[in-house]
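Colleague: pasted the sequence and its predicted model underneath.
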Amino acid sequence: MSVAQPDVSVIIGAYEAMPYLIDCLASLEAQTIDPGRIEVIAIDDGSTDGSGECLEEFAARAPMPVTVIRQENSGGPSGPRNVGLGKAAGRYVFFLDADDRLGNEALERMVAMADRCGTDVVLGRVEGINRSAPKSMWGSTLERTDVFSSKIKFTLSAQKLFRHELLRRHGMRFDESLWTGEDALFTMEAYLRANGVSVIADYTCYYLVGREDGKHVTKSGSYTLRFDSARALMELIARMVPAGERRDVLMVRPFLVTLLPQFGPKFLKDGDEVRRRKLELAGPLMEAYWRDGVARRIKVHERLRLHLVAAGRPELLVDVLKFLRAHKEPEAVLESRGHDLYLAYPHFRDDTGVPDSVYLAEPYEARGYPGYREGGPAALMRRAARGARRALTVLGTRASAA
């Protein structure tokens, strides 16, 4: 007698996860989906705190099939997730971190959404407990969207529902050479390969739990690992998306989320050698991927900092960071009859040579400033330039297809 294929394989990698693992497993037991429709594959990655024993006790009592695999510590989350993928039989897979937990209806709602819409990835609303969580993508429930026309690029953690056939077809696995950001690489590739992505914004499917012991993986590790993560994600985007507007849209994410924090408040505390090394690591990434199409999609103070990184001007960057740390507001300089708004952060129109264009606010940032008038010659020229670039991208795509 054949066993029916489960709808979802829930993959849990656990390392020193007690006592958080107890609530994580309880959230699985509380799922409203029929237990016969799911399977759990739990990997104890060399824990010494009783996590493995907790998983085995859960397997003995759980209403759904549970496979527990115990192995030597692999050093990161990628290895256990890949082991779980190799064992998964479900139509979908969901990666559940051992210190987090699910909303009671999470799996039922996500599977229903994927089945109804035929989409390959489903994002369920995330809330943070004792830690921050992504917010910008939960404005409304979307039955079908993509990574270019939504905010989903700002949530690249692995805690999504993925259609298993998509992962098998493309041989997708987590990069075990990365010590951080491996989930961003995996999820971005899935977004780009997916036949549509769904977003559930009206129900909290996932609770991201901040550990009181501070051992959450994203808070640990050398700064050099962040540059490795940024580089890997930028290279993936460049490999999968031709140069142009669409690539620029996606490049905003690694520049803002991964690279820019290395040149934030912590840079003021860094010694000269660390500052030099950070600029050295950033240099090739800025040269390869920092473009006007990325720069105009971010705020002036973010653009200014990255411009100074690209220019190799740490002394000017320090001035900007001290200004921001003091919570000062830049003077708003209106020109062209109110159509151009410059935000006069440090070194605006002094003798350091930073171009005015770096300080020019795009309409989405300028709106709300008294006296600003949207439109005007500069805005028209920018729109015309963007239109020309889009046309060239389309022509290039058609030429390649031919």
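Modeller: Received it, and whenever you're ready, just let me know what you need.

Colleague: okay, CA-based contacts and neighbour counts for the rest of this
Modeller: Fine.

Colleague: residues contacting Glu143?
Modeller: Glu143 sits next to Met113, Cys117, Val197, Ser198, Val199, Ile200 when contact means Cα atoms under 8 Å, 6 or more residues apart in numbering.

Colleague: look at it and give its secondary structure.
Modeller: Per DSSP: H, G, I helix; E, B strand; the rest coil, the secondary structure class of Glu143 is strand.

Colleague: that older thread, which pair of the contacts of Glu143 spans the longest distance?
Modeller: Farthest-apart pair in those is Cys117 and Ile200; separation 12.1 Å (Cα to Cα).

Colleague: neighbour count winner among these two?
Modeller: A count of neighbours by other Cα atoms under 10 Å puts Ile200 above the other of Cys117 and Ile200, at 23 against 16.

Colleague: list the contacts for that one?
Modeller: Neighbours of Ile200 in contact, by Cα under 8 Å, 6+ apart: Met110, Val122, Leu123, Gly124, Arg125, Trp138, Ser140, Thr141, Leu142, Glu143.

Colleague: please, which helix or strand holds it?
Modeller: Ile200 is part of strand 197-209 when elements are defined by DSSP states H and E.

Colleague: paired strands for that strand, with orientation please.
Modeller: Counting by DSSP bridges, the strands paired with strand 197-209 are strand 101-102 (antiparallel), strand 121-129 (parallel), strand 142-145 (antiparallel).

Colleague: just send these back as TSV, with distance to Thr204 and mean pLDDT too.
Modeller: Compiled in TSV, those are given as follows (distance: least, Cα to Cα, whole Å; pLDDT from 0 to 100):
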stretch	distance to Thr204	mean pLDDT
strand 101-102	8	98
strand 121-129	5	97
strand 142-145	15	97
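
Colleague: redo the ones you listed as TSV? Include distance to Tyr223.
Modeller: Formatted as TSV, the strands paired with strand 197-209 follow (distance: least, Cα to Cα, whole Å):
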stretch	distance to Tyr223
strand 101-102	29
strand 121-129	24
strand 142-145	34
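
Colleague: and the ones you listed: which comes nearest Arg337?
Modeller: Using Cα to Cα, the strands paired with strand 197-209 put strand 142-145 closest to Arg337, at 39.1 Å.

Colleague: quick one, strands of the stretch 151-300 of the chain?
Modeller: Under the criterion DSSP state E, counting those that start in this stretch, strands of the stretch 151-300 of the chain are mapped to 161-163, 197-209.

Colleague: turn those strands into JSON lines, including distance to Asp175 and mean pLDDT.
Modeller: Formatted as JSON lines, those follow (distance: least, Cα to Cα, whole Å; pLDDT from 0 to 100):
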{"stretch": "strand 161-163", "distance to Asp175": "17", "mean pLDDT": "98"}
{"stretch": "strand 197-209", "distance to Asp175": "22", "mean pLDDT": "97"}
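
Colleague: which of the ones you listed is buried the deepest?
Modeller: Of all the strands of the stretch 151-300 of the chain, strand 161-163 carries the top mean neighbour count, a mean of 27, counting by mean count of other Cα atoms under 10 Å.

Colleague: each with direction, which strands does that strand pair with?
Modeller: Applying DSSP bridges, strand 161-163 is found paired with strand 92-97 (antiparallel), strand 121-129 (antiparallel).

Colleague: just send the ones you listed back as TSV, with distance to Lys160 too.
Modeller: Output for those, formatted as TSV (distance: least, Cα to Cα, whole Å):
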stretch	distance to Lys160
strand 92-97	6
strand 121-129	5
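
Colleague: so can I have CSV of the ones you listed showing mean neighbour count?
Modeller: What follows is the strands paired with strand 161-163, written out as CSV (neighbours: other Cα atoms under 10 Å):
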stretch, mean neighbour count
strand 92-97, 24
strand 121-129, 23
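
Colleague: what about Glu331, neighbour count?
Modeller: Look at Glu331: counted by other Cα under 10 Å, it has 10 neighbours.

Colleague: hmm, Tyr345 and it touching each other?
Modeller: Yes. If you go by Cα atoms under 8 Å, Glu331 and Tyr345 touch, sitting 7.4 Å apart.

Colleague: sorry, back to before: closest one to Met172 among the strands paired with strand 197-209?
Modeller: strand 121-129 (13.7 Å).

Colleague: show residues contacting the closest one.
Modeller: 106, 110, 113-114, 133-135, 138, 159-163, 190-191, 194, 196-210.

Colleague: strands paired with the helix or strand that Ile43 is a member of, and their directions?
Modeller: Assessed by DSSP H and E, Ile43 sits inside strand 38-45. Using DSSP bridges, the strands paired with strand 38-45 are strand 8-14 (parallel), strand 66-71 (parallel).

Colleague: that one: how far from the chain's middle?
Modeller: Distance, stretch centre to chain centre, for strand 38-45: 24 Å (Cα atoms, centre = their mean, to the nearest Å).

Colleague: chain center to the next helix or strand after it: distance?
Modeller: Next in sequence after strand 38-45, counting helices and strands by DSSP H and E, comes helix 51-61. Remark: helix 51-61 is offset 32 Å from the chain centroid, using Cα atoms, centre = their mean.

Colleague: picking that back up, how about JSON lines for the contacts of Glu143, with distance to Tyr92 added?
Modeller: Shown next, in JSON lines, are these (distance: Cα to Cα, whole Å):
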{"residue": "Met113", "distance to Tyr92": "12"}
{"residue": "Cys117", "distance to Tyr92": "14"}
{"residue": "Val197", "distance to Tyr92": "14"}
{"residue": "Ser198", "distance to Tyr92": "14"}
{"residue": "Val199", "distance to Tyr92": "16"}
{"residue": "Ile200", "distance to Tyr92": "16"}
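
Colleague: which of these sits closest to Glu287?
Modeller: Proximity of the contacts of Glu143 to Glu287 (Cα to Cα) peaks at Val197, which lies at 31.7 Å.
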